[in-house]
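Q: Provide a 3D model corresponding to the input given below.
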Amino acid sequence: MSASRTGRRREEIEELCQRHRVPCEIVPERALSERAGPAHNGMAAEVRASAPSAGAVLSPSADSGLVVLLEDVQDPRNLGAVLRVCEGAGVGRVLIRDRGSAPVSPTVVKTSAGAAEWLEIERIPNTAQALQRLKDEGFWIYGTDAEGVPPWAVDLTGKVVLCLGGEEKGLRARTRQICDHMIGLPMRGRVGSLNIATAAAAVLYDVVRQRWNT
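A: Residues are numbered from 1 along each chain as shown. All right, here's what the predicted structure looks like:
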């Protein structure tokens, strides 16, 4: 913990560490940044390394029939924000295409507000192979595109994979071909598109709405 961190929050952390016999070290701000990087709020923890999918403590409300696939999301803050939306919406599993996507770094974890630790996340080498496996399991594959039909015009109550593309080019051409349908959000104002996390929230919560009603 940074020596410059003060206030009630610091007292709570120190009290919890003492109660659970977790060593708590007070270090200069610079030393903390060197150890934990810039993505900290005056404190950091050392934990055992593990794959996110193996260490995730899933919410009881996580929906195993709802999967999100992320392709070429390169900005770590965008990735973290999308993971936060996924956890909030009860997504059962998140697949991230390994090549071309940001790693699940401390910045991603911080931006996700802890969601990266609670989601089942799998890095995949090949999108087409992963989607084919899911199709074989009975999932319908939905891609996102500005020209797609609104999500509320599609039945999203079954086993669903929602594919979200990167910030610049969206989904890859091969991924689009594999998708059963393309869905998108109608833009009624002058803005031509939405941030990926905002779009993910809008689409996923319509999925939640549909599944809630059933």
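
Q: model confidence over the longest strand along the chain, on average?
A: Longest strand of the chain, by residue count under DSSP state E: strand 140-149. For strand 140-149, mean pLDDT is 94.

Q: how far does that strand sit from the chain's center?
A: Between the centre of strand 140-149 and the centre of its chain there are 19 Å (Cα atoms, centre = their mean, to the nearest Å).

Q: packing partners for that strand?
A: helix 127-136, strand 160-164, helix 173-178, strand 181-183 (3 or more Cβ pairs under 8 Å, 6 or more residues apart in numbering; DSSP states H and E). Backbone N, C-alpha and C define where each C-beta goes, glycine included.

Q: How is the chain divided into domains?
A: Structural domains assigned to the chain are 1-46, 52-213, following automatic domain parsing.

Q: just for the chain, where's the confidence low?
A: In the predicted model, the chain carries pLDDT under 70 at residues 38-40, 47-60.

Q: Would you mind identifying the next helix or strand past the strand or helix carrying Val94?
A: In this structure, Val94 is located in strand 91-97 according to DSSP states H and E. Next helix or strand after strand 91-97 toward the C-terminus (DSSP H and E): helix 106-111.

Q: ok now that following helix, how far from the chain's centre?
A: Using Cα atoms, centre = their mean, the offset of helix 106-111 from its chain centre is 10 Å.

Q: quick one: buried residues of the longest strand of the chain?
A: In terms of neighbour count (16 or more other Cβ atoms under 10 Å), strand 140-149 has its buried residues at 140-144, 148.

Q: Make sure Thr107 is actually in contact with Gly80.
A: Yes: the criterion here is Cβ atoms under 8 Å, and Thr107 meets it with Gly80 at 6.8 Å.

Q: now the end-to-end length of stretch 16-26.
A: End-to-end distance of stretch 16-26: 15 Å, with Cα to Cα, to the nearest Å as the criterion.

Q: Partner strands of the longest strand of the chain and their direction?
A: Using DSSP bridges, the strands paired with strand 140-149 in its sheet are strand 160-164 (parallel), strand 181-183 (parallel).

Q: re the thing from before, tell me which of the domains of the chain is the most buried.
A: domain 52-213 (a mean of 17; mean count of other Cβ atoms under 10 Å).

Q: Let's have the buried residues of strand 140-149 in CSV, adding distance to Gln210.
A: Shown next, in CSV, are those (distance: Cβ to Cβ, whole Å):
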residue, distance to Gln210
Trp140, 13
Ile141, 17
Tyr142, 12
Gly143, 18
Thr144, 16
Gly148, 16
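
Q: can you give me the offset of the helix or strand hosting Arg211 from its chain's centre?
A: Taking DSSP H and E as the definition, one finds Arg211 inside helix 196-213. Offset of helix 196-213 from its chain centre (Cα atoms, centre = their mean): 14 Å.

Q: tilt between that helix and strand 91-97?
A: Angle of helix 196-213 versus strand 91-97, following axes from the mean of the first three to the mean of the last three Cα atoms, to 10 degrees, is 150 degrees.

Q: what packs against helix 196-213?
A: Using 3+ Cβ pairs under 8 Å, 6+ apart, helix 196-213 sits against strand 63-70, helix 76-88, strand 160-164.

Q: Give me every residue in contact with that helix, excluding its own residues.
A: Contacts with helix 196-213, where a contact means Cβ atoms under 8 Å, 6 or more residues apart in numbering, come from 63, 66, 68, 73, 78, 81-82, 84-86, 89-91, 144, 151-152, 155-157, 160, 162, 164, 166-167, 183, 185, 193-194.
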